[in-house]
Each structure stands twice: as C-alpha cells, then as structure tokens.
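> Any chance you could fold what I've pasted below:
(one chain, ligands or ions: 1)
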Amino acid sequence: MTADTIARRDTASAAWFDGLRAGSLLIRRCDACGHHCRPDAKACTACESRSLRWVEALGTARVVAAVSTPGRTGSTTVQALVELTEGPWLLAPVVGAASAPRPRTALLLTILRPDQGEPIPAFTVLA
Ligand SMILES: [Zn+2]
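Predicted structure coming up:
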C-alpha cells in the first residue's frame, strides 16, 4: 500500500515510476464509475471494474495519522498515512517536519529523488 510496496519497477509499476520521474503522482481512475483508487489497485474499490486508467493526482493531501521517529544523528523521520484530495490513502514520508503533524494537516506533494533507486512520493506541510 505504500511506496515501499511498489518500490521495484515492473510492468505494473513502470508507468507510476515514469510519472514520478516526470514530477507527477499517478493514481488509478475507474472508467466505469469515476472512483479514484490507489496506484497499486487491480480493480476499482467502489464497483470492482478492472477498467482503470492512470490519472495525475492534484498533489494535495491531508494527514490521517503520522508518527515521528528520532534518528541516531539527531534528525527526525516523519511518516504519515495521508489521504489524497482524490480519496486514496498512501503511506509516505513528510519532509521538513520536526514532529508528526496533526490529523487533517494540509500537505503538498514533493518527489524525493534518491541517488539510487526510483523516485519516492513524499509530502511537505502546507504553511
Ligand atoms: Zn468503479
């Protein structure tokens, strides 16, 4: 359900990673009912149609829940379960946050580009 579960590029995730490389977070939209689904959905979670297409998410979200973990070097890692404006939930890092943001905090997409491996969707707290 997270970036971790689709961290490896394969035929199912290639379009998603290509979107991230181009600066877009792609999600699945159902052709039958218009419902938005998680990137790894195989069928619509509302009507079970398998006719899903990639669409670009707005990049705005709200915190459902978040946790902060102190690191050994004094840095803090924040992970959040976020609800995209379109509805799907993702687990993603929140960058630049000193502590876990409160539920309902508004977030904006940013894309992390590690030196190695695929890009990762993350969020920053909207001021
Ligand atoms: Zn549907």
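> Tell me the residues of this protein that contact the ion?
Applying C-beta under 5 Å from the ion, we find that the chain lies next to the ion at C30, A32, C33, H35, C44, A46, C47, S49. For glycine as for every other residue, the C-beta is placed from the backbone atoms N, C-alpha and C.
> Provide the partner residues of the residue nearest the centre of the chain in its beta bridges.
Nearest to the geometric centre of the chain sits L90, at 4.6 Å (C-alpha atoms, centre = their mean). Beta-bridge partners for L90, by DSSP bridges, are V82.
> which of the residues of the chain next to the ion lies closest to T73?
H35 (42.4 Å; C-beta to C-beta).
> so that closest one sits right up against A41, yeah?
No. Contact criterion C-beta atoms under 8 Å: H35 and A41 do not qualify, at 9.5 Å.
> Turn the buried ones among the residues of the chain next to the ion into a named ChimeraX selection, would you?
To isolate the buried members of the residues of the chain next to the ion in ChimeraX, using 16 or more other C-beta atoms under 10 Å:
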select :30,35,44
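> Which of the residues of the chain next to the ion fall in strands?
C30 (DSSP state E).
> how close does the residue nearest to the centre of the chain sit to A41?
12 Å (C-beta to C-beta, to the nearest Å).
> pLDDT score assigned to the closest residue to H35 other than its chain neighbours?
Excluding the flanking residues, the one nearest H35 by C-beta to C-beta, 6 or more residues apart in numbering is A46, at 3.9 Å. For A46, the pLDDT comes out at 97.
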